[in-house]
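Engineer: Here you go, sequence then predicted model.
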Amino acid sequence: MLDINTLNLKYGQSQILHDVSLSAPAGQITCVTGTNGVGKTSLLKAIAGRHPFSAGTLSVDGKDLPPGKPAIMAQSGIGYVPQGREVFPLMSVEENLQTGFACLPKSDRRIPDDIYDLFPVLADMKARRGGDLSGGQQQQLSIARALVTRPSVLLLDEPTEGIQPNIIQMIGRTIQLLRDRGDMAIVLVEQNFEFAYGNADHFHVMQRGRITEAFSKQDATKDRLLASLAL
Ligand SMILES: Nc1ncnc2c1ncn2[C@@H]1O[C@H](COP(=O)(O)OP(=O)(O)OP(=O)(O)O)[C@@H](O)[C@H]1O
């Protein structure tokens, strides 16, 4: 379970996140959505430790985590799939996956058996360089690399961006399967409305660095979510 309470984030003097609070329970997909530039990526960067939050608290399973410490966040169970994928282009697929070992104790430094079951294309392409993969294959690699770290919280930043429809469907099925295992909180930042609505359980709508609406899928019609995004 991820808990964020009154989180603030600044770039220099400009404040981007204002008192953001949300909880993402295990076994659920929690979607953060909103138009361009409202602060969705900044929120994920704060959770992943890529940029320090300036105030507020962030905890995983009740343990408070410090701002701006990506290694501690990863060791504490936060897996991050960044926007743009950040695959290492000159490393092989297998080497890209092995970079996930850095936050694990030596005894756990192996690629879990189910990674190649979830993403069979990566098994076929183990020896290929990351930079030679298609966008959809790179997205699968980026998700797989995060899973290698055995996360209890998985952050996904726009996983459908620039991906062809059949791979988008496959990614949707995969994150639902991960959700249904029940032990992982999934936080999805997504502007692809159909994908977000089709997969998420809870929605948090952001505007100008604030969460302005939050509701569960069962309480929201498609029209309600669309209307909240159009505000
Ligand atoms: N490194 C940075 N330094 C200064 N300002 C930044 C930096 N990164 C983002 N910003 C600004 O912070 C605001 C929020 O950006 P952010 O990328 O978090 O929004 P977003 O909702 O993820 O947008 P998008 O959907 O376009 O990715 C924007 O005004 C952006 O210009």
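Structural biologist: Sure thing, it's come through.
Engineer: Tell me which residues are up against the helix or strand bottoming out on mean pLDDT in the chain.
Structural biologist: For the chain, the helix or strand with the lowest mean confidence is helix 222-229, at a mean of 79 (criterion: mean pLDDT, DSSP states H and E). Under the contact criterion Cβ atoms under 8 Å, 6 or more residues apart in numbering, helix 222-229 has outside partners 33-35, 193, 196-197, 203, 205, 212-213, 215. Where you see a C-beta, it was placed from the backbone N, CA and C, and this is true even at glycine.
Engineer: hmm, 6 Å instead?
Structural biologist: Under the contact criterion Cβ atoms under 6 Å, 6 or more residues apart in numbering, helix 222-229 has outside partners 197, 205, 213.
Engineer: immediately after the lengthiest helix in the chain, which helix or strand?
Structural biologist: As assigned by DSSP state H, the longest helix anywhere in the chain is helix 165-181. Scanning forward in sequence from helix 165-181 by DSSP states H and E, the next helix or strand is strand 185-189.
Engineer: wait, does the helix or strand that that following strand is followed by contact the ligand?
Structural biologist: Towards the C-terminus, the helix or strand next in line after strand 185-189, according to DSSP H and E, is helix 193-199. No - using Cβ under 6 Å from any ligand atom, no contact is recorded between helix 193-199 and the ligand, whose separation bottoms out at 12.6 Å.
Engineer: what helices or strands is the following helix or strand past helix 193-199 leaning on?
Structural biologist: Going down the chain from helix 193-199, the next helix or strand is strand 202-207, by DSSP H and E. Taking 3 or more Cβ pairs under 6 Å, 6 or more residues apart in numbering; DSSP states H and E as the contact definition, the neighbouring helices and strands of strand 202-207 are strand 28-33, strand 210-216.
Engineer: Run the chain-centre distance for strand 202-207.
Structural biologist: With Cα atoms, centre = their mean, to the nearest Å as the basis, the distance from the averaged C-alpha position of strand 202-207 to the chain average is 15 Å.
Engineer: tell me the angle of that strand relative to strand 210-216?
Structural biologist: 160 degrees (axes from the mean of the first three to the mean of the last three Cα atoms, to 10 degrees).
Engineer: Secondary structure element for Gly56, which one?
Structural biologist: Using DSSP H and E, Gly56 sits in strand 55-60.
Engineer: can you list the residues of this protein near the ligand?
Structural biologist: With the criterion set to Cβ under 6 Å from any ligand atom, the chain comes near the ligand through 11, 16, 34, 36-42.
Engineer: Need the max-distance pair from those residues.
Structural biologist: Within the residues of the chain next to the ligand, two members stand farthest from each other by Cβ to Cβ: Tyr11 and Gly34, at 17.7 Å.
Engineer: Neighbour count for the two, which is higher?
Structural biologist: The residue with more neighbours, out of Tyr11 and Gly34, is Gly34; 24 against 9, by other Cβ atoms under 10 Å.
Engineer: Please name the nearest non-neighbouring residue to that one.
Structural biologist: What sits nearest to Gly34 in space, not counting adjacent residues and going by Cβ to Cβ, 6 or more residues apart in numbering, is Met206, at 3.7 Å.
Engineer: Which pLDDT does the model give the one you found?
Structural biologist: pLDDT, the model's per-residue confidence, is 95 for Met206.
Engineer: in the sheet, who's paired with it?
Structural biologist: Counting by DSSP bridges, Met206 is bridged to Ile211.
Engineer: quick one: it and Ile115, what's the gap?
Structural biologist: For Met206, the distance to Ile115 under the criterion Cβ to Cβ, to the nearest Å works out to 32 Å.
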